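In: Sequence and predicted structure, then a few things I'm wondering about:
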Amino acid sequence: GQVIGSPMMNPKDVLRTATSLIAPAIGSAAGTELAHDTNNPYLKVAAPLAGMLVGGGVNAAIKTVLNPKTANNPDVQLLQKEGVDITSGQAMGKKSNAIEQKMTSYPVAGEQIAQKRTQSIETFNNAAINRATAPLGVKIHGAGHDAIKQAGDTLSQAYDDVLANTEGIKFSPSAEPYKPIIQQANSLSDAMKRKFMDTVKNEVTRLVDDTGVLTPEKYQQAVSQLKSVSSNYLSSTDATQRELGEVIKNLKTAMDGQLAMQNPKYAPQLSKINLGYANLVKVEQAAVAAKANGGVFTPGQLLNAVKKADSSVRSRAIARGTAQMQDLATAGQNVIGNKIPDSGTAGRNIVAGGTLAGTISGIMHPDTIIPTMAAGSAAIGIPYMAYTQPVQNALVGMMTNRSNALRAASNYIDLSPEARYLAAYQARQQMQ
């Protein structure tokens, strides 16, 4: 036989030995203890379940961890790059994610699993919030209403600081930059066209000084009013009013462009602030949908906000996958998800049945109470330990940042002992 340290033995062979010998032995022992009384209906369920999960299922689980199909998943990679703390179940794919969700009702360990999954949602929210302030190089911590307010305050202060140093803008509705806006207004119904002209007169033109300039203070007042008016019209159930809201919104956008063009020194900073605001709008809309949860939203709620904010023709940006924040929202939905496919009742009943089986076995058969208690402790303790921060970091790291050795080692698990031995020898030769 082989001995540790011999030329034929390497870490891959150790892994093969552990998965092919130790795991089945554990599964067999657990199944034997739980099936002590085959007439007990609970034990009939628990015994094969234990053997499957602890024994035969271990090889497949280890293989998935070492070389999962999601290892090169761009959604997983994007979330990790953005600082989202995903769980091992989420990293392994939708089926594993659904199972992990059901495990949140597992005795004792369920709370630990639920905590880690909550952390995934919260760090996802934090990543979305920081999309708003990242252009300014500012990092916001946390999630929910307070963090969103902090992001908004950061952008507002940055905007005020820049605007105070500009010279404002020269404004005239007939100027060249605004001709496309006037053309859009002319396509509105007569009633909406009059409302547009009244809005321009009352909210912008009257604030222009004798030299034809909107001072920084007056400019801020004008665009703030245009934003408010356009938002009101855009939320109307009347299609003609929504069209008017779109034209007023475009006027504000054109004025923002003129602010940067007429104050080129501050154009780069204004561009960053505008990008931040564009992202913040989507985060705020998602938080409104999650108001009952303290403003902590799901990936699906963020994706809905992205869709609503898409003002491109026929929602072209969404259709092409290029809308702002769509990449993050889609990745979150694909990896973290919003809900499991079913209520989880079936999975929870299996867990409950297995737990009850262990208890009844110990009471009815005192001679097996120690093994039964050990099996019960393992059933609770192993999942609990698996969802501690260090272990989750290690598992997710193995799945997403594997070395070539781990990638190759995963292939040994499905091989016969003879094939594994030969493969190990060939690998050893290649490494020398």
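Out: Done, it's in. Numbering: from 1, shown residues only.
In: shaky segments in the stretch 301-432 of the chain?
Out: Low-confidence segments of the stretch 301-432 of the chain, defined by pLDDT under 70: 311-313, 339-386, 391, 394-395, 398-432.
In: residues contacting Gln222?
Out: Wrong residue type there; residue 222 is Ala, not Gln. If a contact means Cβ atoms under 8 Å, 6 or more residues apart in numbering, then Ala222 has 203-204, 207, 214, 255 as its contacts. (Each C-beta comes from the backbone N, C-alpha and C, glycine too.)
In: Quick check: which element contains it?
Out: Using DSSP states H and E, Ala222 falls within helix 216-234.
In: Show me what counts as buried in that helix.
Out: Applying a neighbour-count criterion of 16 or more other Cβ atoms under 10 Å, one finds 216, 218-220, 222-223, 225-226, 229-230, 233-234 buried in helix 216-234.
In: Save those as CSV, and put in pLDDT too.
Out: Shown next, in CSV, are these (pLDDT from 0 to 100):
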residue, pLDDT
Pro216, 94
Lys218, 95
Tyr219, 94
Gln220, 92
Ala222, 95
Val223, 93
Gln225, 94
Leu226, 95
Val229, 95
Ser230, 93
Tyr233, 94
Leu234, 89
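In: Walking through the stretch 1-150 of the chain, point out its helices one by one.
Out: Assigned by DSSP state H, counting those that start in this stretch, the helices in the stretch 1-150 of the chain fall at 11-17, 23-34, 41-50, 57-66, 74-81, 88-92, 94-102, 109-133, 145-165.
In: Next, the angle helix 145-165 makes with the helix holding Ala222.
Out: Interaxial angle, helix 216-234 versus helix 145-165 (axes from the mean of the first three to the mean of the last three Cα atoms, to 10 degrees): 130 degrees.
In: if you go through the protein in chain order, where are the strands?
Out: 169-170, 213-214 (DSSP state E).
In: who does the first one touch, helix- and strand-wise?
Out: Going back to what we said before, that points to strand 169-170. Of the remaining helices and strands, those touching strand 169-170 by 3 or more Cβ pairs under 8 Å, 6 or more residues apart in numbering; DSSP states H and E are strand 213-214, helix 239-262.
In: quick one on the thing from earlier: by how many degrees do the helix holding Ala222 and helix 239-262 diverge?
Out: 160 degrees.
In: list the contacts for Lys307?
Out: Shown in contact with Lys307 (Cβ under 8 Å, 6+ apart): 315, 318, 323.
In: Please apply the same query to Tyr178.
Out: When contacts are counted by Cβ under 8 Å, 6+ apart, Tyr178 touches 172, 251, 254.
In: hang on, the earlier thing: hey, which of the helices and strands packed on strand 169-170 is tucked in deepest?
Out: Across the helices and strands packed on strand 169-170, averaging neighbours per residue (mean count of other Cβ atoms under 10 Å) puts strand 213-214 on top, at a mean of 20.
In: before we move on, back to that, dump the strands of the chain to JSON lines, plus distance to Arg117 and mean pLDDT.
Out: Formatted as JSON lines, the strands of the chain follow (distance: least, Cβ to Cβ, whole Å; pLDDT from 0 to 100):
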{"stretch": "strand 169-170", "distance to Arg117": "49", "mean pLDDT": "94"}
{"stretch": "strand 213-214", "distance to Arg117": "50", "mean pLDDT": "95"}
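In: what would those look like in a markdown table with distance to Arg131?
Out: Below are the strands of the chain laid out as a markdown table (distance: least, Cβ to Cβ, whole Å):
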| stretch | distance to Arg131 |
| --- | --- |
| strand 169-170 | 28 |
| strand 213-214 | 30 |
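In: out of those, nearest to Lys94?
Out: Of all the strands of the chain, the one in closest proximity to Lys94, counting by Cβ to Cβ, is strand 169-170 (50.9 Å).
In: Tell me, how many residues neighbour Gln183?
Out: 10 (other Cβ atoms under 10 Å).
In: Relative to Val247, how far out is it?
Out: According to Cβ to Cβ, to the nearest Å, Gln183 and Val247 sit 10 Å apart.
In: Same question for Asp209.
Out: Distance of Asp209 to Val247, given as Cβ to Cβ: 25 Å.
In: for Ala143, same thing?
Out: Distance, Ala143 to Val247, by Cβ to Cβ: 36 Å.
In: hang on, the earlier thing: please produce a PyMOL select command covering the buried subset of the contacts of Lys307.
Out: The PyMOL selection below is limited to those of these classed as buried (16+ other Cβ under 10 Å):
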select buried, resi 318+323
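In: can you tell me which of the contacts of Lys307 lies nearest to Arg131?
Out: Compare each of the contacts of Lys307 with Arg131 using Cβ to Cβ and the shortest gap goes to Ala323, at 12.6 Å.
In: who are the neighbours in contact with the closest residue to the closest one other than its chain neighbours?
Out: Leaving aside its sequence neighbours, Ala323 sits nearest to Ala317 (Cβ to Cβ, 6 or more residues apart in numbering; 4.0 Å). Ala317 sits next to 310, 323-324, 326 when contact means Cβ under 8 Å, 6+ apart.
In: Closest to Leu78 out of the contacts of Ala222?
Out: If you rank the contacts of Ala222 by distance to Leu78 using Cβ to Cβ, Met255 comes first, at 34.5 Å.
In: Who are the contact partners of the closest residue to that closest one other than its chain neighbours?
Out: Leaving out its chain neighbours, the residue that sits closest to Met255 by Cβ to Cβ, 6+ apart is Val223, at 5.9 Å. When contacts are counted by Cβ under 8 Å, 6+ apart, Val223 is found next to 252, 255-256.
In: try 10 Å
Out: Counting by Cβ atoms under 10 Å, 6 or more residues apart in numbering, Val223 touches 163, 203-204, 214, 251-253, 255-256, 259.
In: and the gap between the residue lying closest to Ala134 once chain neighbours are set aside and Leu270?
Out: The shortest distance from Ala134 to any non-neighbouring residue, by Cβ to Cβ, 6+ apart, is to Gly276 (7.7 Å). Distance check for Gly276 against Leu270: by Cβ to Cβ, it reads 11 Å.
In: cool, and Val208?
Out: Val208 sits 20 Å away from Leu270, taking Cβ to Cβ as the criterion.
In: same question, Leu207
Out: Separation of Leu207 from Leu270 (Cβ to Cβ) stands at 20 Å.
In: okay, those two: which has more neighbours?
Out: Between Leu207 and Leu270, Leu270 has the larger neighbour count (other Cβ under 10 Å), namely 21 against 17.
In: May I ask you to confirm that the more buried one is in contact with Leu155?
Out: No: Leu270 is beyond contact range of Leu155, at 11.4 Å (criterion: Cβ atoms under 10 Å).
In: returning to that earlier point: switch the contacts of Ala317 over to a markdown table; also include distance to Leu302.
Out: Shown next, in a markdown table, are those (distance: Cβ to Cβ, whole Å):
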| residue | distance to Leu302 |
| --- | --- |
| Asp310 | 13 |
| Ala323 | 11 |
| Gln324 | 11 |
| Gln326 | 9 |
